[in-house]
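Asks: Give me coordinates for this.
(chains A and B)
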There are 2 protein chains.
Amino acid sequence: MLYLIGLGLGDATDITVKGLQAVKSCSRVYLEAYTSILTVGKEALEEYYGKQLILADRDLVEQGADQILEDADVTDVAFLVVGDPFGATTHSDLVLRAVNAGIPYKVIHNASVMNAVGCCGLQLYNFGETVSVVFWTETWRPESFYDKICKNRTAGLHTLCLLDIKVKEQSIENMMRGKKIYEPPRFMTVNQAADQLIQVIQSRKEEGEELGMTEDTVCVGVARLGSDEQKIRVGTLNQLVSCDLGAPLHSLVITGRLHPLEVDMLRVNAEPNALENLHMIDSSTYTS
Amino acid sequence: MLYLIGLGLGDATDITVKGLQAVKSCSRVYLEAYTSILTVGKEALEEYYGKQLILADRDLVEQGADQILEDADVTDVAFLVVGDPFGATTHSDLVLRAVNAGIPYKVIHNASVMNAVGCCGLQLYNFGETVSVVFWTETWRPESFYDKICKNRTAGLHTLCLLDIKVKEQSIENMMRGKKIYEPPRFMTVNQAADQLIQVIQSRKEEGEELGMTEDTVCVGVARLGSDEQKIRVGTLNQLVSCDLGAPLHSLVITGRLHPLEVDMLRVNAEPNALENLHMIDSSTYTS
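Replies: A predicted model of the protein is given here:
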């Protein structure tokens, strides 16, 4: 049996009881380590489970899936995923390989950023399509996330922005030289995402485009969602450029039309210095 | 401290380890019992936790919140919610009351239908706004869910339909007589939801409206999501009208534009008799 087990969003104890029982029963346990992270590392999980974990990076999952699935028809293998196995990142490819090899699989769900973000006070019902914001490079500056946000806002909907993670990336130089030397991991912060968004807004403004959102649109910065160190900051996009939400992971929410109850909840989660900004939302329209 | 604890979607063991520890430490534990259900009842949970649970129906949560929060500044009180506390149903009102009363609160997240539905093979990224489908009555037949589904489909997005739950409802007769006699609980099935949708489609067709979805649109019926008795059936809307997915809860997904990998995953989850229908999706456009 292949178990796909969600670890939730905080630390080792955010696994479900069912998930923990499955981990303990498995002969091999892989930890997917390239699409998300917990607030604790591999060692803390190993100690908590009383099991050795095998780190599964992108190479192993995408090219070494046969290795992960080896003997899974006669023994139990666990594949651990931060959040939910079918949350922000799906592992459809691994599941399909298991199915094609006649290996049964079982999913043990857990919280994902896709649902836990509701704790910021915005109702999940009112979210539109989720977008990804990637690190821009000198030559690659995709802006499609901005257009999706605007489309959601036109429909009155909020947008969850998942922020880029670069783990085990090679520099172009090392890649060209065939050197397997990896850059330190990078996790996009709320500030960086807000900054990229403002750059898009400014360039669209120069092009004379009608803006679907502005520097004054109310946004929510979320850090370490679901952990004891969770931090939520509510402010205009402009305010969030200079906020410091600390260690990863970060996510950013762009609000759409705000319901009065959502405004009340945003107040609860707002940092004191962001409250003055909330007065703006109190205006007749409940949108910025 | 007020703990809002998600129970996940299956049985007693789907609670997180952190959640279970919190339940055991609380002096009073409420079970929210009107927006969702697990595959096991109150008694099974009580036995598993070694704790008595107080059933919290809509009246208690909406009118007796002070009772729930009593002494929560000096003792620990848990409020258990099937799925995630901020998933499909938010309990913002209870949180706001706690905050206003100076009572600290803590959320322990878990899987929600809003993220676990990803296991049907459709990517969460590609979902638009979630809709609710309510039981029609003779005099109240709202159709707004259909328009939202069409809006999502126009944007190429899938739609999760949350199906109505009627718990502790009074008949109009008993309500008028002031008799506190309650009807048996009702949970909308995939068939019932599909039937209401088809009625809307037919009436819109008669009005000569251009249809955003038809009886041949590929849909996914999901029952007891996240439990060991989970059942997923893929078929056209027409096919789902006559399927039997068994005990509650049910959800329905209306597909938008399908990615080839999503089609492969739908195949995995499809019942044998629904596979023939999937051939249709194989056509050039990957939409029905």
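Asks: use CA for all of it now, contacts and neighbours both
Replies: OK.
Asks: Might one say that A:D228 is in contact with A:G10?
Replies: Yes. Shown here, A:D228 and A:G10 form a contact pair, counting by Cα atoms under 8 Å, at 7.1 Å.
Asks: and these two? which has more neighbours close in?
Replies: A:G10 (25 against 13; other Cα atoms under 10 Å in any protein chain shown).
Asks: SS state for that one?
Replies: coil (DSSP: H, G, I helix; E, B strand; the rest coil).
Asks: so what's it scoring on pLDDT?
Replies: As predicted, A:G10 sits at a pLDDT of 93.
Asks: what separates the longest helix belonging to chain A from the chain centre, distance-wise?
Replies: Counting by DSSP state H, the longest helix found in chain A is helix A:190-206. Distance, stretch centre to chain centre, for helix A:190-206: 20 Å (Cα atoms, centre = their mean, to the nearest Å).
Asks: Buried residues, it. List them.
Replies: Residues of helix A:190-206 classed as buried: A:190-198, A:200-202 (neighbour count, 16 or more other Cα atoms under 10 Å in any protein chain shown).
Asks: moving C-terminal of that helix, what's the next helix or strand?
Replies: Counting by DSSP states H and E, the next helix or strand C-terminal to helix A:190-206 is strand A:218-223.
Asks: okay, that next one in PDB with CA atoms only?
Replies: Output in PDB follows, covering the C-alpha atoms of strand A:218-223 (Å, rounded to 0.1, in the frame of the first residue of the first chain):
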ATOM      1  CA  VAL A 218      -6.400  45.800   1.300                       C
ATOM      2  CA  CYS A 219      -4.300  42.700   1.500                       C
ATOM      3  CA  VAL A 220      -3.500  40.100   4.100                       C
ATOM      4  CA  GLY A 221       0.000  38.800   4.700                       C
ATOM      5  CA  VAL A 222       0.100  35.400   6.400                       C
ATOM      6  CA  ALA A 223       3.300  33.800   7.800                       C
END
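Asks: Do any residues in that strand lie close to chain B?
Replies: No. Strand A:218-223 is not in contact with chain B by Cα under 8 Å from any Cα of the partner chain; minimum separation 14.6 Å.
Asks: Please enumerate the strands of chain A.
Replies: Secondary structure of chain A by DSSP state E: the strands cover A:2-6, A:28-32, A:54-56, A:77-81, A:105-108, A:131-133, A:159-163, A:165-166, A:186-187, A:218-223, A:231-236, A:250-254.
Asks: I'd like these written out as JSON lines, with mean neighbour count and mean pLDDT added.
Replies: Shown next, in JSON lines, are those (neighbours: other Cα atoms under 10 Å in any protein chain shown; pLDDT from 0 to 100):
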{"stretch": "strand A:2-6", "mean neighbour count": "26", "mean pLDDT": "97"}
{"stretch": "strand A:28-32", "mean neighbour count": "21", "mean pLDDT": "96"}
{"stretch": "strand A:54-56", "mean neighbour count": "18", "mean pLDDT": "94"}
{"stretch": "strand A:77-81", "mean neighbour count": "27", "mean pLDDT": "97"}
{"stretch": "strand A:105-108", "mean neighbour count": "20", "mean pLDDT": "96"}
{"stretch": "strand A:131-133", "mean neighbour count": "20", "mean pLDDT": "96"}
{"stretch": "strand A:159-163", "mean neighbour count": "23", "mean pLDDT": "97"}
{"stretch": "strand A:165-166", "mean neighbour count": "20", "mean pLDDT": "92"}
{"stretch": "strand A:186-187", "mean neighbour count": "16", "mean pLDDT": "94"}
{"stretch": "strand A:218-223", "mean neighbour count": "25", "mean pLDDT": "95"}
{"stretch": "strand A:231-236", "mean neighbour count": "24", "mean pLDDT": "92"}
{"stretch": "strand A:250-254", "mean neighbour count": "25", "mean pLDDT": "97"}
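Asks: among those, which is nearest B:D14?
Replies: Among the strands of chain A, the nearest to B:D14 by Cα to Cα is strand A:105-108 (8.3 Å).
Asks: just checking, what packs against the closest one?
Replies: Counting by 3 or more Cα pairs under 8 Å, 6 or more residues apart in numbering or on different chains; DSSP states H and E, the packing neighbours recorded for strand A:105-108 are strand A:2-6, helix A:92-100.
Asks: domain ranges for chain A?
Replies: Following the TED database, one gets these domains for chain A: A:2-111, A:114-287.
Asks: how far does the shortest one sit from the chain's center?
Replies: Chain-centre distance of domain A:2-111: 17 Å, with Cα atoms, centre = their mean.
Asks: Quick check: end-to-end length of it?
Replies: End-to-end distance of domain A:2-111 (Cα to Cα, to the nearest Å): 20 Å.
Asks: need the helices and strands packed on strand A:105-108 in TSV with distance to B:L266, can you?
Replies: Formatted as TSV, the helices and strands packed on strand A:105-108 follow (distance: least, Cα to Cα, whole Å):
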stretch	distance to B:L266
strand A:2-6	18
helix A:92-100	10
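Asks: mind putting these in TSV, distance to chain B included?
Replies: TSV is the format used below for the helices and strands packed on strand A:105-108 (distance: least, Cα to the nearest Cα, whole Å):
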stretch	distance to chain B
strand A:2-6	9
helix A:92-100	7
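Asks: Nearest to A:C243, out of those?
Replies: Of those, nearest to A:C243 by Cα to Cα is strand A:2-6, at 30.4 Å.
Asks: Close to chain B: what parts of the stretch 101-250 of chain A are there?
Replies: Residues of the stretch 101-250 of chain A found near chain B (Cα under 8 Å from any Cα) are A:107-112, A:114-119, A:121, A:123-131, A:157, A:226.
Asks: In chain A, which residue sits nearest chain B?
Replies: Scanning chain A for the residue nearest chain B gives A:T16, at 3.7 Å (criterion: Cα to the nearest Cα).
Asks: I figured that residue hits B:D14, correct?
Replies: Yes. Using Cα under 8 Å, A:T16 makes contact with B:D14 at a distance of 5.4 Å.
Asks: Show the contacting residues for A:G156.
Replies: A:126, A:256-257 (Cα atoms under 8 Å, 6 or more residues apart in numbering or on different chains).
Asks: hmm, 7 Å instead?
Replies: If you count contacts by Cα atoms under 7 Å, 6 or more residues apart in numbering or on different chains, A:G156 has them with A:256-257.
Asks: Likewise for A:T159?
Replies: By Cα under 7 Å, 6+ apart, A:T159 lies in contact with A:127-130, A:149, A:152, A:253-255.
Asks: Nearest the geometric middle of chain A, what residue?
Replies: For chain A, A:L162 is the residue whose C-alpha lies nearest the centre (Cα atoms, centre = their mean; 4.6 Å).
Asks: Tell me who's in contact with the nearest residue to that residue once chain neighbours are set aside.
Replies: Of all residues not flanking A:L162 in the chain, A:S132 sits nearest, at 4.7 Å (Cα to Cα, 6 or more residues apart in numbering or on different chains). Counting by Cα under 7 Å, 6+ apart, A:S132 touches A:145, A:161-163.
Asks: No further queries at this time; thank you.
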